[in-house]
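S.K.: this one's structure only:
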């Protein structure tokens with residue numbers, strides 16, 4: 001029904017307006033009691049789907065990537081659609097509007113999206129207030145949350161570490177793991193932080209901050225992951241492997257959006273921003289396989305990028321991913337995709 005009726009209607013309107021409308025509709029249907037119906041329709045409850053990765057137990061290996069629920073407004077409702085975990089953000093210390101509109105574009109012929117949102121979000125304090133409503137980790141109903149953190153646009157790169165530390169400290173008690181986002185193409189000069197020296201400094205600072213929290217408060221150690229771009233060269237990917245080993249972070253998310261436009265046929269293919277969706281499928285899987293093989297499976301990888309079918313997800317898991325995430329595939333294929341992937345994993 002989603003692909004034959006709902007999607008054609010939604011795709012007639014501006015993508016960003018549709019996003020906000022969809023949030024309102026999902027929230028409305030939950031308020032009038034449809035939460036159980038969504039769970040019964042889309043959730044696959046099977047112990048065989050559980051995965052223990054970087055010390056966390058995931059109810060199933062299919063998560064929602066960052067960028068969809070930026071401000072942690074809908075994580076409980078979205079979890080009822082079958083996701084095993086929800087990644088919120090990217091969150092910055094201060095609220096920011098992001099880039100000027102129009103900044104989100106569908107490439108229907110390519111089953112893709114270009115966005116140049118620019119980390120639009122309400123700031124870390126607003127996200128924390130929303131996350132306080134999540135059930136505690138030990139209680140049934142806890143939604144496993146990843147906190148994707150970044151820097152404000154006005155913060156120069158030489159001060160970027162301070163922004164990441166601010167978000168890390170504020171979110172520490174309210175997320176299950178962290179994702180350091182230095183790979184979005186939509187914040188000026190952000191990708192320069194992927195270079196070996198500044199990236200090593202940033203990650204070491206966050207690991208030390210985590211150790212301080214543990215020593216002072218005895219709180220649970222939260223995994224720290226790095227989200228990387230698909231546009232990195234093999235040499236840069238080898239640097240990433242070295243950085244993971246040196247800084248002792250817990251894993252990688254591969255990959256973010258791409259700046260490549262190779263092979264696109266849609267009319268609006270020249271829009272500036274990060275490209276996601278089917279055109280990213282193969283490159284994302286290549287990066288996963290490269291990192292897994294060259295590191296000798298030295299760290300967990302969350303695979304994301306161009307997952308539009310159960311086969312796409314299984315390929316990423318076979319390539320070395322421990323978990324997968326959806327974003328554009330979820331928009332194009334609907335919540336049935338989550339269920340289909342989980343069922344395909346069980347059928348292996």
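M.R.: Happy to help now that I have it. Fair warning: this is a prediction, and the values are worked out from it, not measured in the lab.
S.K.: quick one: the helices in this protein?
M.R.: Here the chain has its helices, by DSSP state H, at 7-10, 15-31, 35-42, 75-79, 124-131, 160-171, 196-217, 234-247, 281-294, 310-319, 328-333, 336-347.
S.K.: Now the first one: average pLDDT?
M.R.: Just to be clear, that refers to helix 7-10. Predicted confidence along helix 7-10 averages 95 (mean pLDDT).
S.K.: do the same with stretch 133-143
M.R.: Averaging the model's pLDDT scores along stretch 133-143 yields 90.
S.K.: ditto for stretch 44-60
M.R.: Stretch 44-60 carries an average pLDDT of 97.
S.K.: show me what contacts the residue lying closest to residue 80 once chain neighbours are set aside?
M.R.: Nearest in space to residue 80, with sequence neighbours left out and distances taken as CB to CB, 6 or more residues apart in numbering, is residue 38 at 4.4 Å. Using the backbone N, CA and C atoms, a C-beta is placed for each residue, glycine as well. Taking CB atoms under 8 Å, 6 or more residues apart in numbering, we find residue 38 in contact with 29, 30, 77, 80, 81, 335.
S.K.: Just flag the most distant two among the residues you listed.
M.R.: Farthest pair in the contacts of residue 38 (CB to CB) is 30 and 335. Separation: 13.4 Å.
S.K.: For these two, indicate the residue with more neighbours.
M.R.: residue 335 (20 against 17; other CB atoms under 10 Å).
S.K.: Contact partners for the more buried one?
M.R.: Taking CB under 8 Å, 6+ apart as the definition of contact, the neighbours of residue 335 are 2, 38, 41, 42, 81, 82.
S.K.: Okay, now stretch 211-223: how far is its last residue from its first?
M.R.: This stretch, stretch 211-223, spans 11 Å end to end (CA to CA, to the nearest Å).
S.K.: Next: stretch 95-103.
M.R.: Separation of the first and last residues of stretch 95-103 by CA to CA is 18 Å.
S.K.: likewise stretch 166-180?
M.R.: According to CA to CA, stretch 166-180 extends 12 Å from its N-terminal end residue to its C-terminal end residue.
S.K.: I'd like to know the average pLDDT value across that stretch.
M.R.: Per-residue pLDDT over stretch 166-180 has a mean of 97.
S.K.: Also stretch 15-29?
M.R.: With pLDDT averaged residue by residue, stretch 15-29 scores 96.
S.K.: Determine how far that stretch lies from the middle of the whole chain.
M.R.: Using CA atoms, centre = their mean, to the nearest Å, we find the averaged C-alpha position of stretch 15-29 to lie 19 Å away from the chain's own average C-alpha position.
S.K.: now swap in stretch 46-57 and tell me
M.R.: 18 Å.
S.K.: Any buried residues in it, and which?
M.R.: Residues of stretch 46-57 classed as buried: 49, 51, 53, 54, 56 (neighbour count, 16 or more other CB atoms under 10 Å).
S.K.: out of these, which one sits closest to residue 348?
M.R.: Comparing the buried residues of stretch 46-57 against residue 348 with CB to CB places residue 49 closest, at 11.3 Å.
S.K.: What residues does the closest one make contact with?
M.R.: Listed by CB under 8 Å, 6+ apart, the contact set of residue 49 reads 59, 60, 61, 84, 342, 345, 346.
S.K.: In a markdown table, list these along with neighbour count.
M.R.: As requested, the contacts of residue 49 are exported to a markdown table (neighbours: other CB atoms under 10 Å):
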| residue | neighbour count |
| --- | --- |
| 59 | 22 |
| 60 | 24 |
| 61 | 23 |
| 84 | 25 |
| 342 | 26 |
| 345 | 21 |
| 346 | 12 |
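S.K.: picking that back up, max pairwise distance over the buried residues of stretch 46-57: which two?
M.R.: Distance extremes for the buried residues of stretch 46-57: the farthest pair is 49 and 54 at 17.4 Å, using CB to CB.
S.K.: re earlier: now which of the contacts of residue 335 would you call buried?
M.R.: 38, 42, 81, 82.
S.K.: and the second one, how far is that from residue 79?
M.R.: What that stands for is residue 42. Look at residue 42 and residue 79: by CB to CB, to the nearest Å, they are 10 Å apart.
S.K.: circling back to that earlier point, and the buried residues of stretch 46-57, which of them are in strands?
M.R.: 51, 53, 56 (DSSP state E).
S.K.: Would you mind confirming that the second one is in contact with residue 322?
M.R.: Same thing as residue 53. Yes. Counting by CB atoms under 8 Å, residue 322 is a contact partner of residue 53 at 4.7 Å.
S.K.: quick one, longest strand in this protein?
M.R.: Here the longest strand in the chain is taken by residue count, with DSSP E as the criterion, and it is strand 85-91.
S.K.: How far off centre is it?
M.R.: Averaged over its C-alpha atoms, strand 85-91 has a centre that lies 6 Å from its chain's centre (CA atoms, centre = their mean).
S.K.: So what are the sheet partners of that strand and their directions?
M.R.: Sheet partners assigned to strand 85-91 using DSSP bridges are listed as strand 62-64 (parallel), strand 145-149 (parallel).
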